[in-house]
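Chemist: With the input below, show me the fold.
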Amino acid sequence: MERLTTSQINDFNNPLAFAREREARVGQTQSETRETQNFRTKDREASFRLVTGATKRLDTLKSNLETMLDLSRSGERIRGDSFKRDTIYGKLRSLSAGFDQVVDSVRFDGNPIFSGNKLTLGMGAGSRPLSLETSKLFTYGEDALNLSTSSETAELTVFETVDDVILNQNSSSTGITLSGASYIEGSNSALELDNTNYKVKILFTGNDSAVELRDRTGALIERQEGINLSGEGREFIDFDVGVQLQIDKQPVLGALDELDFTTDDPIEITSSILYRRLDSHTLRNDDSQTDTPDGASLLFEASLGSAAVGQLSVSEPKLTPSTSDSNALESGFYNMNIEYRGENSYIRLTDALGRIRGFKFGVDLTTESTSIDFDGGLSVTVTNSGRSADGSLQVPIEYNRRPPAIEAFDFRQYTQQIEAAMVLIDDELAQMAETAAQIQALNAQRNPALQANGMTAASLSASSSLNILSGGKSGPILINANTSKSLAQAADQIFATTTAFGTQANQTPEQLASLQLASAVNILS
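Modeler: Take a look at the predicted model:
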């Protein structure tokens with residue numbers, strides 16, 4: 001199997017790689033386009049072609065599982081080689097995503113047949129129809145194959161239009177940039193944005209700025225006020241619609257000294273974001289495990305001083321993107337120690353063992369509200385209510401961030417899950433074979449002359465040139481790669497060698513290329 005580059009592995013293990021687009025808002029079930037009573041074939045020939053076509057697709061899916069099984073068993077033998085582990089995990093993700101694509105694309109009358117549907121197979125005039133109930137063969141979802149999980153998320157892309165560039169030409173002196181946007185899990189699903197572009201308008205007035213989110217027509221969706229965009233660093237703004245914006249602050253020294261925002265108008269900076277609703281795709285290990293939601297909280301309220309002499313307090317601990325993997329905080333308990341020295345205060349963040357995990361010095365805490373961002377993925381807000389005297393404040397924080405799925409992945413357990421999935425595929429194949437035999441037996445009763453000549457199956461396939469099932473071609477399983485062009489290229493490399501059919505193993509590149517070319521022709525009869 002071809003070796004992947006580091007960038008290709010990162011693409012395959014990107015949390016949003018292989019994600020599927022969704023139309024419904026978070027928590028809303030997408031309505032079915034057709035009712036199950038429409039799943040009905042008109043005669044024996046159509047019924048036979050549906051069953052034999054479905055059997056071919058099941059053979060493709062089983063072969064794909066066999067390839068995944070070989071990979072998972074290889075992963076069991078890896079000891080201490082993270083590159084090989086990441087490679088195999090990425091390939092398993094891509095193969096499972098390709099598996100789901102085939103399951104979804106094999107359709108009768110516009111509906112996927114391998115999704116737990118009931119089909120009525122017509123046997124012609126004077127014959128009672130047969131019933132066929134298929135299993136759910138997706139890798140995710142209830143009563144399915146239990147090979148992956150799917151959760152509702154979204155991808156946000158920040159970009160600048162020509163209008164943004166023109167409007168921002170006179171705003172470069174602020175050093176304010178919208179550098180990132182991300183989805184907030186657990187937000188109000190009723191307010192979720194649609195799949196389209198939006199405008200972000202930053203109204204800069206120093207430590208009392210505002211940020212607005214508007215639709216393409218300019219209508220205001222949500223506004224956040226009282227944001228401190230003075231100084232340097234990063235600021236994170238959460239919106240009720242489920243969006244977190246990251247703003248970088250690198251002001252040009254002295255550029256804003258002559259502005260008085262009590263009389264001058266705010267400086268406006270605009271950017272654009274593209275919002276895409278997605279369902280994530282992650283390999284699943286343990287069906288019984290429950291994920292603790294991401295988040296940070298104070299173990300108890302802590303403050304320095306009192307209302308009479310001035311008070312310093314900490315609030316709003318929240319997760320933020322980590323600047324690098326090396327300094328990313330792990331889930332656990334932390335202690336934040338603030339040494340208040342007015343404009344030259346310093347802050348230490350230590351873990352449960354007393355090791356320093358974050359340090360900020362020369363921090364001006366004399367302002368009413370100051371955002372402190374530890375690069376490891378935690379930020380807090382320090383509020384000063386008239387405090388001037390020096391002092392120390394300790395704040396205990398509980399921090400939880402789910403690790404990447406690959407870190408806790410158990411290849412041995414996944415091997416067992418694939419083996420269980422293959423048993424379900426075998427059961428489905430047995431059901432199809434039994435149904436096909438019933439159709440042939442009935443056809444033989446209706447056509448005794450054909451039975452004598454051994455032409456029963458041929459007569460049922462006489463109109464095989466007419467396609468009855470769509471999708472699920474016999475060539476390499478292609479995936480819907482939403483991450484980047486390089487991801488799609490890496491997928492092509494994988495599926496040129498990691499094929500849907502076991503018969504393609506150990507073949508030359510020329511033979512594989514010939515098979516892939518032949519897959520453009522729909523073989524379903």
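Chemist: Please put the alpha-carbon coordinates of the lengthiest strand in the chain into PDB.
Modeler: When the chain is scanned for its longest strand (criterion: DSSP state E), the result is strand 267-279. What follows is strand 267-279, C-alpha atoms only, in PDB (Å, rounded to 0.1, in the frame of the first residue of the first chain):
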ATOM      1  CA  ILE A 267     -13.200  52.500  12.900                       C
ATOM      2  CA  GLU A 268     -15.000  49.900  10.800                       C
ATOM      3  CA  ILE A 269     -13.300  46.700   9.700                       C
ATOM      4  CA  THR A 270     -15.300  44.100   7.700                       C
ATOM      5  CA  SER A 271     -14.700  40.500   6.700                       C
ATOM      6  CA  SER A 272     -16.700  37.600   5.300                       C
ATOM      7  CA  ILE A 273     -17.300  34.100   6.500                       C
ATOM      8  CA  LEU A 274     -18.800  31.000   4.800                       C
ATOM      9  CA  TYR A 275     -20.900  28.800   7.000                       C
ATOM     10  CA  ARG A 276     -21.400  25.100   6.100                       C
ATOM     11  CA  ARG A 277     -23.500  22.700   8.100                       C
ATOM     12  CA  LEU A 278     -21.800  19.300   8.300                       C
ATOM     13  CA  ASP A 279     -22.000  15.900   9.900                       C
END
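Chemist: Quickly find the element holding the nearest residue to residue 303 once chain neighbours are set aside.
Modeler: Leaving aside its chain neighbours, residue 303 sits nearest to residue 313 (4.0 Å; criterion: CB to CB, 6 or more residues apart in numbering). C-beta here means a position set from N, CA and C on the backbone, and glycine is covered the same way. Secondary structure assignment for residue 313, by DSSP states H and E: strand 310-319.
Chemist: For that strand, buried residues please.
Modeler: 312, 313, 314, 317, 318, 319 (16 or more other CB atoms under 10 Å).
Chemist: Kindly report the same for stretch 428-439.
Modeler: Those would be 428, 429, 431, 432, 435, 436, 439, for stretch 428-439 by 16+ other CB under 10 Å.
Chemist: Just checking the distance from that stretch to the centre of its chain.
Modeler: Using CA atoms, centre = their mean, to the nearest Å, the distance from the centre of stretch 428-439 to the centre of the chain it belongs to is 37 Å.
Chemist: outside of that stretch, which residues touch it?
Modeler: Defining contact as CB atoms under 8 Å, 6 or more residues apart in numbering, one finds that stretch 428-439 is touched by 44, 47-48, 51-52, 54-55, 58-59, 62, 114, 121, 123, 130, 132, 134-135, 137, 460.
Chemist: Which members of these are positioned in strands?
Modeler: Per DSSP E, the contacts of stretch 428-439 map to strands at 121, 130, 132.
Chemist: which ones are touching the last one?
Modeler: It stands for residue 132. 51, 118, 119, 120, 121, 431, 435.
Chemist: could you redo the last one with a cut-off of 7 Å?
Modeler: By CB atoms under 7 Å, 6 or more residues apart in numbering, the contact list for residue 132 reads 119, 121, 435.
Chemist: Assumed residue 427 was part of a strand.
Modeler: No - per DSSP: H, G, I helix; E, B strand; the rest coil, residue 427 lies outside any strand segment and is helix.
Chemist: Give me the nearest residue to it, chain neighbours excluded.
Modeler: Nearest to residue 427 is residue 135, by CB to CB, 6+ apart, at 7.3 Å.
Chemist: Quick check: that neighbour touching residue 115?
Modeler: No - look at residue 135 against residue 115 with CB atoms under 7 Å: they stay out of range, at 8.8 Å.
Chemist: pLDDT below threshold where in the stretch 101-250 of the chain?
Modeler: Applying pLDDT under 70 to the stretch 101-250 of the chain picks out residues 171-173.
Chemist: Could I get the full set of strands for it?
Modeler: 107-108, 111-112, 118-121, 130-133, 148-149, 152-159, 176-183, 197-204, 209-214, 220-227, 233-239, 243-249 (DSSP state E, counting those that start in this stretch).
Chemist: Give me the angle between the last one and strand 267-279.
Modeler: With axes from the mean of the first three to the mean of the last three CA atoms, to 10 degrees applied, the angle from strand 243-249 to strand 267-279 works out at 140 degrees.
Chemist: In terms of secondary structure, what does strand 243-249 contact?
Modeler: strand 176-183, strand 233-239 (3 or more CB pairs under 7 Å, 6 or more residues apart in numbering; DSSP states H and E).
Chemist: strands paired with that strand, and their directions?
Modeler: strand 176-183 (antiparallel), strand 233-239 (antiparallel) (DSSP bridges).
Chemist: buried stuff in the shortest one?
Modeler: In this case it means strand 233-239. For strand 233-239, a neighbour-count test (16+ other CB under 10 Å) marks 233, 234, 235, 236, 237, 239 as buried.
Chemist: Let's have the strands of the stretch 101-250 of the chain in TSV, adding distance to residue 379.
Modeler: Putting the strands of the stretch 101-250 of the chain into TSV (distance: least, CB to CB, whole Å) gives the following:
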stretch	distance to residue 379
strand 107-108	47
strand 111-112	44
strand 118-121	52
strand 130-133	52
strand 148-149	28
strand 152-159	19
strand 176-183	13
strand 197-204	18
strand 209-214	16
strand 220-227	13
strand 233-239	6
strand 243-249	10
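Chemist: Tell me which of these sits nearest to residue 361.
Modeler: Smallest distance to residue 361 across the strands of the stretch 101-250 of the chain (CB to CB): 12.9 Å, for strand 233-239.
Chemist: if we look at that closest one, which residues are touching it?
Modeler: With contacts defined as CB under 7 Å, 6+ apart, strand 233-239 is touched by 184, 211, 213, 222, 224, 227-229, 244-249, 320, 371, 373, 379.
Chemist: Now restrict the residues you listed to buried residues only.
Modeler: 184, 211, 213, 227-229, 244-247, 249, 320, 371, 373, 379.
Chemist: between the residues you listed, which is closest to residue 391?
Modeler: Looking across these and measuring by CB to CB, the closest to residue 391 is residue 371, at 20.6 Å.
Chemist: mind listing what that closest one touches?
Modeler: Going by CB under 7 Å, 6+ apart, the list of residues near residue 371 reads 228, 235, 379, 381.
Chemist: Out of those residues, the closest to residue 80 would be?
Modeler: Nearest to residue 80 among the contacts of residue 371, with distances taken as CB to CB, is residue 379, at 34.7 Å.
Chemist: Which positions are bridged to that closest one in the beta structure?
Modeler: residue 318, residue 373.
Chemist: Local confidence estimate at it?
Modeler: On the pLDDT scale, residue 379 is placed at 90.
Chemist: Correct me if wrong: it contacts residue 370.
Modeler: No - in this structure, residue 379 is not within contact of residue 370 by CB under 7 Å, at 10.8 Å.
Chemist: Just say helix, strand or coil for the closest residue to residue 299 other than its chain neighbours.
Modeler: In space, residue 299 comes closest to residue 396 once its chain neighbours are excluded; the distance is 4.1 Å by CB to CB, 6+ apart. Three-state call for residue 396 (three-state DSSP): strand.
Chemist: Roughly how far does residue 396 sit from residue 425?
Modeler: Per CB to CB, to the nearest Å, residue 396 is found 51 Å from residue 425.
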